[in-house]
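Chemist: Mind folding the following:
(chains A, B, C, D, E and F)
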There are 6 protein chains.
Amino acid sequence: MNAAVNDLWLAMTSEAREYGRNEPVLASFYHASILNHANFADALSFHIASKVGCDSVPAMLIRDVFSEAFVSDPSIVNSAAMDIRAHFDRDPACDHYGMPFLYFKGFQAIQAYRIAHWLWTQNRESLALFLQNRIASVFDVDIHPAAVIGCGVMVDHATGLVIGETAVVGNNVSMLHSVTLGGCGSGPGPRHPHIRDGVLISAGAKVLGNIVVGEGAKIAAGSVVLNTVAPHATVAGVPAKQVGVLSVDLPALNMDQYINDDA
Amino acid sequence: MNAAVNDLWLAMTSEAREYGRNEPVLASFYHASILNHANFADALSFHIASKVGCDSVPAMLIRDVFSEAFVSDPSIVNSAAMDIRAHFDRDPACDHYGMPFLYFKGFQAIQAYRIAHWLWTQNRESLALFLQNRIASVFDVDIHPAAVIGCGVMVDHATGLVIGETAVVGNNVSMLHSVTLGGCGSGPGPRHPHIRDGVLISAGAKVLGNIVVGEGAKIAAGSVVLNTVAPHATVAGVPAKQVGVLSVDLPALNMDQYINDDA
Amino acid sequence: MNAAVNDLWLAMTSEAREYGRNEPVLASFYHASILNHANFADALSFHIASKVGCDSVPAMLIRDVFSEAFVSDPSIVNSAAMDIRAHFDRDPACDHYGMPFLYFKGFQAIQAYRIAHWLWTQNRESLALFLQNRIASVFDVDIHPAAVIGCGVMVDHATGLVIGETAVVGNNVSMLHSVTLGGCGSGPGPRHPHIRDGVLISAGAKVLGNIVVGEGAKIAAGSVVLNTVAPHATVAGVPAKQVGVLSVDLPALNMDQYINDDA
Amino acid sequence: MNAAVNDLWLAMTSEAREYGRNEPVLASFYHASILNHANFADALSFHIASKVGCDSVPAMLIRDVFSEAFVSDPSIVNSAAMDIRAHFDRDPACDHYGMPFLYFKGFQAIQAYRIAHWLWTQNRESLALFLQNRIASVFDVDIHPAAVIGCGVMVDHATGLVIGETAVVGNNVSMLHSVTLGGCGSGPGPRHPHIRDGVLISAGAKVLGNIVVGEGAKIAAGSVVLNTVAPHATVAGVPAKQVGVLSVDLPALNMDQYINDDA
Amino acid sequence: MNAAVNDLWLAMTSEAREYGRNEPVLASFYHASILNHANFADALSFHIASKVGCDSVPAMLIRDVFSEAFVSDPSIVNSAAMDIRAHFDRDPACDHYGMPFLYFKGFQAIQAYRIAHWLWTQNRESLALFLQNRIASVFDVDIHPAAVIGCGVMVDHATGLVIGETAVVGNNVSMLHSVTLGGCGSGPGPRHPHIRDGVLISAGAKVLGNIVVGEGAKIAAGSVVLNTVAPHATVAGVPAKQVGVLSVDLPALNMDQYINDDA
Amino acid sequence: MNAAVNDLWLAMTSEAREYGRNEPVLASFYHASILNHANFADALSFHIASKVGCDSVPAMLIRDVFSEAFVSDPSIVNSAAMDIRAHFDRDPACDHYGMPFLYFKGFQAIQAYRIAHWLWTQNRESLALFLQNRIASVFDVDIHPAAVIGCGVMVDHATGLVIGETAVVGNNVSMLHSVTLGGCGSGPGPRHPHIRDGVLISAGAKVLGNIVVGEGAKIAAGSVVLNTVAPHATVAGVPAKQVGVLSVDLPALNMDQYINDDA
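Modeler: Numbering: from 1, shown residues only, chains lettered A, B, ... in the order given. I've put the predicted structure just below:
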């Protein structure tokens, strides 16, 4: 576990102790979800598995799959930690580290997707698809396990997010609920978008087809994007057109959904 | 309990008796949810708690929180009754009072939010956030417990509704599914919209930032609203522009989603 | 059972045997959901009932309702088979027949709706409404049981789909998630759209009011359609305008969400 | 279905309608368990399967096993009907036919055993053993699936009943809770008792080893029987000795647990 | 609530606070079961209802029945408090008041029986029988709801206890697991024992028929009692014979299962 | 893991593969319970935790307690393996190693007790008592966590077993269902029996008070033992008297419940 993960873990346990003291209804929930664990990875596998487990594949078994994935690819845990920090840094309503971990469907869905994706890379397509269905059922988020998603990703509110099979999402991207990274055509190659680092995709935007959204671009709420977007451009509308050039490097980091005159 | 609540309760119990006779599969469901209770408040706490309960915080415990809130602030029960009447009066598919109570995710989510909001005002943020998560998981509706929402509110279909931390919603407002009252900026003050009385917000509309939507305004489906809307104006488009002035006082009450030439 | 259903069933069981061998975590899931059954109808009633069952109305009882409906109207089973083929033929991410059956919320929601609709035609409105609520809770899809929907229908991703009481949907229609077939007005007659055969409605599109969308038309993502759409026309925008005429007969079949210059 | 089963079924449905009217809390329970079914066999498979189902093997799947067994060996259903009559005729506390069916662990355990036994005869030992464990967990009754048990059997109260692998129980036998038909020795042949028709085995009695308990014998409560018992004899004590000869033919039918002077 | 109940409640809450601090895994369990409630009666209805609730009749509904019974007959709550003190005073392994309340199947079964009995006296036989079945399933204790049981009763370990329809049990009685108060004969009058105050019935004893067990008598383990027992007598054996006269007034209070020479 | 445990594990996995192939209903059950695990200890913690988990303390959390105990005291795992061999060697109805592990309440209860006992030695009395209650609820076996139990222990059928706080049970002991190792008196010292190695205690026997049952003794079914039993003696009756001297060293190993003339 790297130092950043460890720092996060210390902060989360300190918060959980305080919250547990103040709200006895949740004391054991904080304990079971966070304080009972030796480290962030153990808590993560426990909590997310408890969400996606079901009668057919119980939580304990899914947790073993998580643990196996964490050993095979430790970057999954680091990415989860960076996703928590993304929420904390970018969402004004998120004032402690435990919030995304315990409560945010977007964070939880992404972490479960990371395991589904790892299963996909291990040629365990069946279980990956089963997990995709569980994520869609539990979090209302539909991410194909073959999609590639970076770290430091925030999906705020999350309900209705759809990310298709050949989509690629870079690092430090922010997406809101009801965003679609959808496909066009049915040929053998990529048919979904490639979202570069630091992009902000506002609520309800649909980005469709094998196009590139350049680094640090901003897609306004409700837009339908059918063409490549230049780096640091703001696009808006149905269909979306470029309406400005951003003065900030990475709009994902400040979550400004306005389309300013100079945006 | 005021007279209007009592009248509603009498109508609901009368309906439930009739429906229970006609559909024995649901006879005990009608009994447990409605007929078994002494009054509307008892039935409300029973039914909504049974929806949001979970392993970590069982329904019976949540029901006790509801009961505590109802004693502390009796207006919560009155608001619930007015919300039921809003559905009955405005939704042609709603032909008996039990429908929103028993079946409509939007009604149920709003009532659970009212308790989360009450917890927030009691400085029980942890349990309020836990409840917010349960509402988002069960009803696919994400309302920050700090948001302020009036009475006589209808949220039709509801899936995907998002209402942010500093949003204010007046009385007799109608919203459809996938509506967002979202934030812009990350400063300390309000960053979400203020929706005045009688506003109609059609399906999928996004209203973003610290703006006012004036009394009796209508926001067309799929619109993205980034600026203040005048009272009784109709706005439409991405981004939304004023396209008409309403001849009706409160468009929320007749649910006409058309953008008529004279709208 | 007709020959097409039988062929599908043979293909599904063959797949399930292979997948079960390769993924022992899911071996009994494949067995219980598919291999244990004598035919497609038995598997269908088992699997969908297991999804929509709940404490108040357990899965076994719902399954009996399914079986009763299948006997009363065998076309329900045939339609389900055609819906599976629609997913297989149109969705590049769907590479075996078991995928929609086992995993796709859209397919599962439509099959449960078919039973709710059958109940509605039998004057069992209460149970139909109960089932509508279960579908909305489990699949995040809200279809009024009185709506009429044809066969060969694909609802991809599905979260947020809303279809109103007087809507009519033809055969071989494709819809994506967050589509709304919504109502306008509150008079006694039809107030929802009539979607003709072969129409493609892209993600997030809202089609509102008692209008006709002609055979083989295409509605672009995020559009808001308030007026009749000509057969084989492509419409786009908020509000939607005709932007082209399609060269293909039935755009639903190739799922091309692009709005080409010649579309 | 023979006439006796049909008569029983008519009586049960008539009772259920009356009880459902009087106790709305249970109206749907009566409906789901009894009234919703076309015949006794359907109700039986529904109700017992709902008791023994679990996460690993859900009730609906177990019900299909029941149905398969009923088709393969219709005597299972007839035996169940005779067991209900045995309770009704012999137990003064049982004043309607639905009581054993709905509530008595002994009746329910025996019916589930009948299916486990049928599985055993079909060489499905694994599922038979799984079912044995479920019966032991749910009803606190441990019957080896290889044991052979007749019809018209009553097991009153039932908790703690143990019947071993090579035991044989005739028709019209009555046993109370905590009875053991246990094994002695570990050779290849029979090592458990053979209980002939009409025997009454009182509470807590242990009958051990490959011995015969003759027709119409009575074993007093708390006895430990290690030797063959003559027909119509009463035995009592630890170890049990003959203490009388019965004047009634079949003590199982009147359930007199006294050891009268002339018994 | 009388003073004794209040004192007990203060002791239980004080313990729960201490135990919750020391064992965070159970902190919320102590809170939900004890600390969250205003008084002993509220905690009692919450905790026992949470044990006996099921899919057909959920815990919240059963809790309402408990509350109704407590209002109708406040002695039920007082009896429960006296039962806790009985365990605390008599069972050396019970060193805090919360133990019987939280953990002991015998205590919990008796309290649930008290509600079933109250239902029986209200002519709600159906629900009383349903509850009897739940008690038998959950606690392995089968008490007919028509039986009459006093206060200050301890049932230690409890598994296998059976008490028949016309049995009467006095105050301050102690019974161990696998005790039967069983019936003989099938006439219309009483056919089960009458156990007077202060009796101790040791493990596995069977007391059968319409007989009286006199005040302060002791029944040795494994005995089968078929005849009236004199006050303060010790009986033992199969069948039981008087083996001594007790020097203590109420053997139930010291739980001495020995059969001393002078007993 | 020692060699004996490893050999057992290899045998269990080999069996599970074969059984899973033959009974697809249980294929994933065998996989999840046995084949999915790296070693016997992992499978043991998974399977027993899945049995005793509940809403208040979920299975995953209990599994972590098991794992912690296994690390702290590896003899717990070895004892479990020896208990399985005890069943396999002594119970003619047990013909493969997976049977006690997967299905036998006695084996499962003893393993859960071992964890409760470990918690007790770690001064975590609260969680130990909670676990005792879960064992009593799930397996109908009530073992005080302070009791001391050796290895190679078989508890056949198990329902109704009670073992008190100060009881000590040696190695290679066999007990049947409904056995009680009960207490007498309420002083501070030991008040329960001390059962030496190799003892066989037959069904329903009650052994009461601070007495010693000598090595290799046999207690007949239904006996009530109130005095010390000599090594290799057979005792029987209520109260039990010596009826013979055993020619075998350890009667627990051959499970002969007969009381032979020469026994």
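
Chemist: drop to CA atoms for contacts and neighbour counts, all remaining ones
Modeler: OK.

Chemist: which residues sit in contact with residue A:113?
Modeler: Counting by Cα atoms under 8 Å, 6 or more residues apart in numbering or on different chains, residue A:113 touches A:131, A:132, A:135, A:143, A:145.

Chemist: among the residues you listed, who's most crowded?
Modeler: residue A:143 (30 neighbours; other Cα atoms under 10 Å in any protein chain shown).

Chemist: Enumerate every residue touching that one.
Modeler: Contacts of residue A:143 (Cα under 8 Å, 6+ apart): A:113, A:132, A:136, A:161, A:162, A:163, A:164, A:165.

Chemist: Could you list the residues in contact with stretch A:179-192?
Modeler: Residues contacting stretch A:179-192 (Cα under 8 Å, 6+ apart): A:160-168, A:193, A:201-211, C:91-92, C:203, C:254-258.

Chemist: Try it again at 6 Å.
Modeler: Outside stretch A:179-192, the residues that touch it by Cα atoms under 6 Å, 6 or more residues apart in numbering or on different chains are A:161-164, A:166-167, A:204-210, C:92, C:256-257.

Chemist: Find the nearest non-adjacent residue to residue A:39, please.
Modeler: Excluding the flanking residues, the one nearest residue A:39 by Cα to Cα, 6 or more residues apart in numbering or on different chains is residue A:9, at 6.8 Å.

Chemist: As PDB, could you dump the C-alpha coordinates of the helix-or-strand element of chain A with minimal mean pLDDT?
Modeler: Ranking every helix and strand in chain A by mean pLDDT, DSSP states H and E puts helix A:251-254 at the bottom, with a mean of 83. These are the backbone C-alpha positions of helix A:251-254, laid out as PDB (Å, rounded to 0.1, in the frame of the first residue of the first chain):
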ATOM      1  CA  PRO A 251     -12.500  21.400 -16.000                       C
ATOM      2  CA  ALA A 252     -13.100  18.000 -14.300                       C
ATOM      3  CA  LEU A 253     -11.400  19.300 -11.200                       C
ATOM      4  CA  ASN A 254     -13.600  22.300 -10.500                       C
END
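
Chemist: what about it and chain B, touching?
Modeler: No - under the criterion of Cα under 6 Å from any Cα of the partner chain, chain B is not reached by helix A:251-254; the shortest gap measures 7.2 Å.

Chemist: just stretch A:98-107 next, same as before
Modeler: Yes - interface with chain B: stretch A:98-107 contributes residue A:103 (Cα under 6 Å from any Cα).

Chemist: For chain A, which segments count as helices?
Modeler: Here chain A has its helices, by DSSP state H, at A:3-22, A:27-30, A:40-52, A:59-72, A:75-90, A:98-103, A:105-121, A:125-139, A:251-254.

Chemist: Summarise which helices and strands the third one is packed against.
Modeler: Put plainly, it is helix A:40-52. helix A:59-72 (3 or more Cα pairs under 6 Å, 6 or more residues apart in numbering or on different chains; DSSP states H and E).

Chemist: How about the helix it packs on and chain C, touching?
Modeler: No - using Cα under 6 Å from any Cα, helix A:59-72 stays clear of chain C, with a minimum separation of 8.7 Å.

Chemist: on that earlier part again, select, from the contacts of residue A:143, the two members most distant in space.
Modeler: A:136 and A:165 (14.5 Å; Cα to Cα).

Chemist: wait, what's in contact with the residue of the stretch 151-263 of chain A found nearest chain E?
Modeler: For the stretch 151-263 of chain A and chain E, the shortest gap (Cα to the nearest Cα) falls at residue A:157, measuring 28.1 Å. Contacts for residue A:157 (Cα under 6 Å, 6+ apart) come out as residue A:177.

Chemist: One more pass at 7 Å, please.
Modeler: Going by Cα atoms under 7 Å, 6 or more residues apart in numbering or on different chains, residue A:157 touches A:105, A:106, A:176, A:177, B:142.

Chemist: same check, this time on residue A:111
Modeler: Residue A:111 touches residue A:80, counting by Cα under 7 Å, 6+ apart.

Chemist: That one and chain B: what is the separation?
Modeler: To chain B, residue A:111 is 16 Å away according to Cα to the nearest Cα, to the nearest Å.

Chemist: Ok, residue A:233 next?
Modeler: For residue A:233 relative to chain B (Cα to the nearest Cα), the value is 17 Å.

Chemist: from memory that residue sits against residue A:247, does it?
Modeler: No - Residue A:233 is not in contact with residue A:247 according to Cα atoms under 7 Å; the separation is 9.4 Å.

Chemist: out of those two, which sits in the busier spot?
Modeler: Neighbours were counted for residue A:233 and for residue A:247 using other Cα under 10 Å; residue A:233 has more, 22 against 12.

Chemist: What pLDDT does the model give that one?
Modeler: Residue A:233 carries a pLDDT value of 96.

Chemist: So what sits opposite it in the bridge?
Modeler: residue A:245 (DSSP bridges).

Chemist: contacting residues for it?
Modeler: Here residue A:233 is in contact with A:217, A:218, A:242, A:244, A:245, A:246 (Cα under 7 Å, 6+ apart).

Chemist: What subset of these is buried?
Modeler: Neighbour counting over the contacts of residue A:233 (16 or more other Cα atoms under 10 Å in any protein chain shown) leaves A:217, A:218, A:244, A:245, A:246 as the buried ones.

Chemist: Quickly name whichever of these is closest to residue E:54.
Modeler: residue A:218 (51.5 Å).

Chemist: Could I get the contacting residues of residue A:243?
Modeler: Residue A:243 is in contact with A:234, A:235, A:236, counting by Cα under 7 Å, 6+ apart.

Chemist: about what we covered before: just send the contacts of residue A:143 back as a markdown table, with pLDDT too.
Modeler: Converted to a markdown table, the contacts of residue A:143 look like this (pLDDT from 0 to 100):
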| residue | pLDDT |
| --- | --- |
| A:113 | 98 |
| A:132 | 98 |
| A:136 | 97 |
| A:161 | 98 |
| A:162 | 98 |
| A:163 | 98 |
| A:164 | 97 |
| A:165 | 96 |
